[in-house]
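Student: Build the 3D model from these lines:
(2 chains)
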Amino acid sequence: MTDKKPIVVMKGITIEFPGVKALDNVDLSLYPGEVHALMGENGAGKSTMIKALTGVYKINAGSITVEGKPQLFKGTLDAQNAGIATVYQEVNLCTNLSIGENVMLGHEVRDKIGMINWKKTHAKAAGFLAEMGLGSLDTHAPLSSISIAMQQLVAIARSMVIDAKVLILDEPTSSLDANEVEELFAIIRKVRDSGVAILFVSHFLDQVYQISDKMTVLRNGKFIKEVVTKDTPRDELIGMMIGKSAEELSQIGTKKTRREPEPGEKPIASVHDFGKKGSINPVDMDIYKGQIVGFAGLLGSGRTELARLFFGADKADSGSFTFNGHKLTVADPSTALRNKIAYSTENRRDEGIIGDLTVRENILIALQATRGMFRPIPKKEADEVVDKYIKELNVRPADPNRLIKNLSGGNQQKVLIARWLATNPELLILDEPTRGIDIGAKAEIQQVVIDLAGQGIGVIFISSELDEVVRLSDDIEVLKDRHKIKEIENDDTVSQETIVQTIANTNVNSGKEE
Amino acid sequence: MAEEKKNAEEKTSSFKKLLSSNLTWSVVAFIVLIIICTIFDHGFLSLKWNTNTGGLAGPLITMIQESARYLMIATGMTLVISTAGIDLSVGSTMAVAGAVAMQMLIGGSNVWVAILCALLVGLLIGCVNGALVSILGLQPFITTLIMMLAGRGLAKVITSGQNADASSIAGIAPLRWMANGFIVGIPANFIIAIIIVAIVGLLARKTAMGMMIESVGINPEASRMTGIKPRRILFMVYAISGLLAAVAGLFATASVMRVDVVKTGQDLEMYAILAVVIGGTSLLGGKFSLLGSAFGAIIIAMIRKTIITLGVDAAATPAFFAVVVIIVCVMQAPKVHNLSAEMKRKRALKAQSKAVAA
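Tutor: As a prediction, the model looks like this:
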């Protein structure tokens, strides 16, 4: 391996934002035919590093060399021309164009007078896709007609079209299920073997160990170490990432004891035949004060759809919702919030943060909306709320006047949780609160969920990670194919395996285990 | 030593901040225009006391008199643009409001009733825009473009196609004063406009109105999820824009007590948009600056005054206007500010490549 020459050498990279060094003297080298993982907590500087390499951010100091040539990227186009392709967490293709058009965008086959020959273009696209084992895709179908997972593969195919020397994969697996991840990895290996250098960023340690050859660890914008993956035990890696020893981490994993409803206790929220056509089939369930109810199910099982009905983000068209003893029609989020129901979305970017507003405004906005536009929160009270939650949830940097879009994903998530807590909810729905978040922040958020239930808030906790659901929940509602298939009382006998078995063995239509 | 260095750093950073602020460049542009005018007309800055009107007189005074109407429409436009919308109908709304006021005065109604009706009609036009955009979800550009065309027609219908002239009607003094009068020597319309801008500014920043408008402009779906009702916000900004356009219409028509159904408010929607852009509010919506837009409005009036002072040929005035606006926008562009830093970095890169080659 030592005889190979690196394709990319980044040396002493420093990037400053007003008042903060996002990256401080960081090195990174990528070799052809290697998968290199960039590791670190949220806010460690992984995304910033990627943005430096893709030309999104200009570097304040340091150098980037691609194939021996020093480069100064002024924009993403410069980086692309240098052979650097990126597949982002959220697929950045045009969903309204066809698959073939997306693959070939900007590289369409043209005839002599410069007109696009669509037939040949699609044929070429099909060729590229077939090379990656995606021959079954119809290149004329719109991109939106295939799953996010497939879209991601199409995005990778695209990087082959532009003849990339470096492929950056930023959290490519965060919305994929296990099979899709396998498919993706098969393709990554193909691309790797063709001599491309791959930079891989993921929060899933298992996946990093499965696919990467080397790792570079960052912490707080500083370079910690470059290591060979197979020689580095996991606890050592985690220790490097968060700057703590492995023992300190072990306490996160214990399972919470189940809170049983008292005999005769009335639920805080109770739904009967609650559903919406085409979205989630009618559901019955109860939530008690201080209880954590987990929703378990695969992506597309109807977890989010059900949660949105509770909050009025979508309107239920059947059944009834009793909240605190009163019948309630939640027509919109505004009604839900005024009745002390809050929902933290799984789609942080599109439905959560208001990017150009400050952390302070993002925390206060829901509370303000419940008071109405012309009854501003008194400054002193506002300051107290903001200070309190920034401290309690450990938002970093602890600067209320920073724009939320400049925070890392985990800290944006904390600000959003602060926003909902500020409304003083009695029922709090958390949809994937720990998605795309590193171990440290994850543990913090899990602890927050337990504390909230301890304060008597009813919590609905939704997560793709079953171990999380099993650890935190008192009751688990198992969903499959837009049906609630089972309610599990989560005592000591229940494990991840129980839920997996339930999902695998229950027939949706009969509701019975096969 | 270290402290000194830190101080110097702070100084340069605050200087940089000043340079990157749109407001700074608006002020610079304003001063440059005044200097140019003073060179051409040495009496440009002179102020005389006019005993007939009981106010100050001079080129600057007529300039701020004219700026009042721009201040009004630019303020409304700022709120609309902040929601990622646009209101092309403000010029026509001015004509409609003016037509209502003049026609009612000619018909013998009380001057205060005429003013009130003009304002209500402006508000109504704004509400129609707002309803179409917020409830039906039509595109703001199309909706207000149609209203711009319809408004001209409406003004003609109101005056039966004539340019209604109410200058000889008795009892119109209060309206005349609104446009031509003075308060302690300063044009009344300018003071009224500043007071209205201040009220809107206080409402925007001392209540949650500003934050909610910006929030809807930045991310409507996320705003809905926080319990804000984006439709109400949209409806409100168009209504405000219509009402303020009516005030502008009164300023514009009352100065001559005559509405010109074709020319009153003509092109003024463009001036309003330019004022907002000069003021630093992005046409993509989001963060807005009412103070910036107010300066933008005054700059627009100043450019028009410059055209008159320099005696630019009537045929060439639109081109002149355009050139000055472009220069102001270029001065504000962040890319221009970064030019020197960019060049430094390029030199460094060249040196680096040479070193590698060697």
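Student: Excluding residues flanking it in the chain, which one is nearest whatever residue of the stretch 51-200 of chain B ends up closest to chain A?
Tutor: Using Cβ to the nearest Cβ, the single residue of the stretch 51-200 of chain B nearest to chain A is B:Ser82, 10.8 Å away. C-beta: built from backbone N, CA, C; applies to glycine. What sits nearest to B:Ser82 in space, not counting adjacent residues and going by Cβ to Cβ, 6 or more residues apart in numbering or on different chains, is B:Phe288, at 3.9 Å.
Student: Same question for A:Asn406.
Tutor: A:Asn406 sits nearest to A:Phe17 (Cβ to Cβ, 6+ apart), 6.5 Å away.
Student: Same check on B:Met257?
Tutor: Nearest to B:Met257 is B:Ser167, by Cβ to Cβ, 6+ apart, at 3.8 Å.
Student: so what's that neighbour up against?
Tutor: By Cβ atoms under 8 Å, 6 or more residues apart in numbering or on different chains, the residues touching B:Ser167 are B:Val256, B:Met257, B:Arg258.
Student: Mind pulling the model confidence for A:Gly511?
Tutor: The model reports A:Gly511 with a pLDDT of 53.
Student: ok now do the residue nearest to B:Ser82, which residues does it touch?
Tutor: Per Cβ under 8 Å, 6+ apart, neighbours of B:Phe288: B:Thr78, B:Leu79, B:Ile81, B:Ser82, B:Gly210, B:Ile213, B:Glu214, B:Gly217, B:Thr281.
Student: who in chain B is up against chain A?
Tutor: Residues of chain B lying close to chain A (Cβ under 8 Å from any Cβ of the partner chain) are B:206-209, B:211-212, B:214-215, B:218-219, B:221-229, B:286-287, B:345-346, B:349, B:352-353, B:356.
Student: Tell me which residues touch the closest residue in space to A:Asp332 that isn't next to it in sequence, please.
Tutor: The shortest distance from A:Asp332 to any non-neighbouring residue, by Cβ to Cβ, 6+ apart, is to A:Gly312 (4.8 Å). Residues counted as contacts of A:Gly312 (Cβ under 8 Å, 6+ apart) are A:Val330, A:Ala331, A:Asp332, A:Pro333, A:Ser334, A:Thr335, A:Ala336.
Student: now, the most widely separated pair of the contacts of B:Phe288?
Tutor: B:Ile81 and B:Gly210 (13.3 Å; Cβ to Cβ).
Student: Give me the more crowded residue out of these two.
Tutor: B:Ile81 (29 against 21; other Cβ atoms under 10 Å in any protein chain shown).
Student: residue contacts, that one?
Tutor: So B:Ile81 contacts B:Ile273, B:Val276, B:Thr281, B:Ser282, B:Leu283, B:Gly285, B:Phe288 (Cβ under 8 Å, 6+ apart).
Student: could those be laid out in a markdown table, adding pLDDT and secondary structure?
Tutor: Formatted as a markdown table, these follow (pLDDT from 0 to 100; DSSP: H, G, I helix; E, B strand; the rest coil):
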| residue | pLDDT | secondary structure |
| --- | --- | --- |
| B:Ile273 | 94 | helix |
| B:Val276 | 94 | helix |
| B:Thr281 | 90 | coil |
| B:Ser282 | 87 | coil |
| B:Leu283 | 88 | coil |
| B:Gly285 | 91 | coil |
| B:Phe288 | 95 | coil |
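Student: of those residues, buried ones?
Tutor: Among the contacts of B:Ile81, those buried by neighbour count (16 or more other Cβ atoms under 10 Å in any protein chain shown) are B:Ile273, B:Val276, B:Thr281, B:Gly285, B:Phe288.
Student: ok, these vs A:Val196, which is closest?
Tutor: Distances from A:Val196 to the buried ones among the contacts of B:Ile81, taken by Cβ to Cβ, are shortest for B:Gly285, at 39.6 Å.
Student: tell me the contacts of the closest one?
Tutor: B:Ile81, B:Ser82, B:Thr83, B:Ala84, B:Gly85, B:Gly217, B:Ile218.
Student: In three-state terms, label A:Ala37 for me.
Tutor: strand (DSSP: H, G, I helix; E, B strand; the rest coil).
Student: Was I right to think it contacts A:Met215?
Tutor: Yes - in this structure, A:Ala37 is within contact of A:Met215 by Cβ atoms under 8 Å, at 4.5 Å.
Student: joint contacts of the two?
Tutor: A:Val208, A:Thr229.
Student: The closest residue to A:Pro32 other than its chain neighbours and chain B: what is the separation?
Tutor: Once flanking residues are discounted, A:Pro32 sits nearest to A:Gly195: 4.8 Å by Cβ to Cβ, 6+ apart. From A:Gly195 across to chain B, the span is 24 Å (Cβ to the nearest Cβ, to the nearest Å).
Student: From chain B, how far out is the residue nearest to A:Asn406?
Tutor: Distance of A:Phe17 to chain B, given as Cβ to the nearest Cβ: 13 Å.
Student: For beta bridges, what are the partners of that residue?
Tutor: Note on A:Phe17: beta-bridge partners by DSSP bridges are A:Val20.
Student: Which residue is it, in chain A, that comes closest to chain B?
Tutor: Residue of chain A nearest chain B, by Cβ to the nearest Cβ: A:Ala369 (3.6 Å).
Student: check contacts around that residue.
Tutor: A:Ser334, A:Leu337, B:Ala208, B:Met212, B:Thr226, B:Gly227, B:Ile228.
Student: Just the ones of the residues you listed in helices?
Tutor: A:Ser334, A:Leu337, B:Met212 (DSSP state H).
Student: right, and B:Gly91 touches B:Gln266 too?
Tutor: Yes - B:Gly91 is within contact range of B:Gln266, at 6.0 Å (criterion: Cβ under 8 Å).
Student: Neighbour count: the two, which is higher?
Tutor: For B:Gly91 versus B:Gln266, neighbours defined as other Cβ under 10 Å are more numerous around B:Gly91 (26 against 14).
Student: Could you look up the SS state of that one?
Tutor: helix.
Student: if we can go back for a sec, shouldn't the residue of the stretch 51-200 of chain B closest to chain A be in contact with B:Ser215?
Tutor: No - at 9.8 Å, B:Ser82 and B:Ser215 do not qualify as touching, with contact defined as Cβ under 8 Å.
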